[in-house]
Structure formats: structure tokens, C-alpha cells
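# A predicted structure for the sequence below; I have some questions about it.
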Amino acid sequence: MMMETTRFGKVDVDPDRVIKVERGLYGFPEARRFVLFEYEPNGPFQWLQSLEDPALAFLVVNPHLFFPTYEMVITDEEALALGIRDADEAQVLTMVTVRYEPREVTANLVGPLVIGVNSRQAAQLVLNGDRYTTRHPLPMMRTTSESVSDSTEPLHSVA
Amino acid sequence: MLVLTRKPGQALLIGDTIEIYVAEIRGDVVRLSIKAPREVSILRREVLDAIRQENAAAAAADPALFETFTLEIPTPENRPSAVILPPADPEEVASGG
């Protein structure tokens, strides 16, 4: 099926690849169907594109790539609802935030998106405890640009 | 909104299955003990607010800005496979923090 998106233009979406988030995302209760696009070929990042809102897309990443010890608990009820019977059947993604000020890229480790790889059902879970933050900085080699860090412009909102 | 006054040792019942017990009051801190069915989600309000706020910030992420970062990605050998642990003990959820 063809879908209109702000970032990717018209895209052909395989209905079998649609991710259904029955409860919506926190703050975006209406956004319930998404697809994943590669940010760049074979790169770690992906776009989680809303099918309801062409302008709504989240940069997401597998948190284990950056935080190898990251672990989370999923309750039996949640696992059942997402059709997850085994850890292998769960795909975990965290939303990534890019900021001008302070200049950083962070991952929301408190509210991961868990996708049942077979059911394509997903939910944004909330982790209890204070091990993780909603703004965990991703480790950086170095910055390649000198100019943007001086910018005081607000982020361009696409929501 | 219903506003009730409770003392330590007293409890509230919400429906037939949820009990909120005032375990201790010390200064400006109240410790609550909550009994609820597993499928009832119990969350700290501020955690949910933080996630909502972060979702909004993430949705506004600028790809052009992101391009200016070079991130350090650990090598595949270092990546673990285990993702999910056994379910949490409900008592831990109820009394944590």
C-alpha cells in the first residue's frame, strides 16, 4: 500500500511489516501504526514512521548496541499481549533525541518500544526503578561540525 | 476528584482488587504499599511525564543535526543477546522507591 510521508515522500509499505501499537505512544495516543525504515544502509539507526501522521517519525536504535548491559523486564501480561513467548521474539528499540543545546544525542532507556517480531504488535513500556534515564547520552567519537553547537535556534518541530 | 485523609496503618480500596496501604509517613515522604492484580500497571506519574516529554523531543529530532554527530558504536562481538529477564516480582513494583 502507498503511504505519504514527510521525510520519505510516497512509500510503498508492505502491510505485513506494519507495526501496531494499540495503546499508542505516550504523548501520541493517535499514532498506532508504524513502519521502520533504515536510516542508512546497514547502519544501526532506523526511522519509526507513523502511518497516521506523515510528519511523525522517530529515530530509533537497538539500545544494546550502545548499552550492552541494558536489560528490561517484560511482564507475562505484556508478553502475551505482544505475542512474545521467548526473548528471541522481542525486538527492543529506544527512541533517540537529537539536541542543539546541550549538543547531544540521547536515548530514552526508560520508555523502550518492544515489538513482537511475529505478531508485529508493539508497546512503549515504562521501566520501574532509577537505573536508566529518559536522556541517556550516546557515546560520541567526536563531533564533525563546529557551527551548529553555537546555534540557539529552537529545534524545527515536525510533529 | 475524591480527596480522603488517611493515617499510617490505614488503607484504601479501589474496586475489589486494588488496595493502597499507608505504610509510613516521615516528614514529607509517604510510603505506600499497593496490592493490585499483575495486569494493572502502577507507574510513578513523573516517570510517565518524562517519557511523554522525551517522546515529543524525539519526534522533533532534526536529521540534518543528527548528521553532524559521530557516534561510537561498540563492535558486534561485544553485543549481548539476552534481552528480557523473568517477570518482576509484583511486591517489588509495589514498594520500590
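The structure has been received and is ready for your questions.

# what's the neighbour count on A:Arg7?
14 (other C-beta atoms under 10 Å in any protein chain shown). Placement of C-beta: from N, CA and C, glycine included.

# Pick out the residue closest to the middle of chain B.
For chain B, the residue sitting closest to the mean C-alpha position, by C-alpha atoms, centre = their mean, is B:Leu43 at 4.2 Å.

# Need the pLDDT of that residue.
For B:Leu43, the model assigns a pLDDT of 89.

# ranges for the strands of chain A?
Secondary structure of chain A (DSSP state E): strands at A:2-5, A:9-12, A:19-20, A:33-38, A:45-50, A:57-61, A:72-73, A:90-99, A:104-107, A:113-116, A:122-124, A:136-137, A:140-143.

# Just give me the lowest mean pLDDT stretch among those.
If the strands of chain A are sorted by mean pLDDT, strand A:140-143 sits at the bottom with a mean of 60.

# Once you drop chain neighbours, what's closest to residue 25?
With no chain named, the answer covers chain A. A:Gln124 (5.1 Å; C-beta to C-beta, 6 or more residues apart in numbering or on different chains).

# if you could check chain B rather than the one you did, that'd help
Spatially, and ignoring its direct neighbours in sequence, B:Ile25 is nearest to B:Pro8 (5.3 Å; C-beta to C-beta, 6+ apart).

# cool, A:Leu109 as well?
That would be A:Tyr132: by C-beta to C-beta, 6+ apart, it lies 3.6 Å from A:Leu109.

# Would you mind listing the residues in contact with residue 8?
This is for chain A. Neighbouring residues of A:Phe8 by C-beta atoms under 8 Å, 6 or more residues apart in numbering or on different chains: A:37, A:47, A:49.

# meant chain B, my bad for not saying
For B:Pro8, the contact set (C-beta under 8 Å, 6+ apart) comprises B:22-25.

# Next: A:Leu25.
A:31, A:113, A:124, B:55.

# Out of the residues you listed, grab the one that's most surrounded.
In the contacts of A:Leu25, the most neighbours by other C-beta under 10 Å go to B:Asn55, 23 neighbours.

# burial measure for the residue lying closest to it once chain neighbours are set aside, as a count.
Leaving aside its chain neighbours, B:Asn55 sits nearest to A:Gly27 (4.5 Å; criterion: C-beta to C-beta, 6+ apart). Neighbouring residues of A:Gly27 were enumerated by other C-beta under 10 Å; the total is 19.

# A:Gly27 is in contact with B:Arg52, isn't it?
Yes. Counting by C-beta atoms under 8 Å, A:Gly27 touches B:Arg52, with 3.9 Å between them.

# Skipping its backbone neighbours, what lies nearest the residue nearest to the centre of chain B in space?
A:Val126 (5.4 Å).

# now B:Ala56
For B:Ala56, ignoring the flanking residues on the chain, the nearest one in space by C-beta to C-beta, 6+ apart is A:Gly27 at 5.3 Å.

# What confidence value was assigned to that neighbour?
A:Gly27 carries a pLDDT value of 95.

# What are the buried residues along the lengthiest helix in chain B?
For chain B, the longest helix by residue count, based on DSSP state H, is helix B:45-59. Residues of helix B:45-59 classed as buried: B:47-48, B:50-59 (neighbour count, 16 or more other C-beta atoms under 10 Å in any protein chain shown).

# Which other helices and strands does it contact?
strand A:57-61, strand A:90-99 (3 or more C-beta pairs under 8 Å, 6 or more residues apart in numbering or on different chains; DSSP states H and E).
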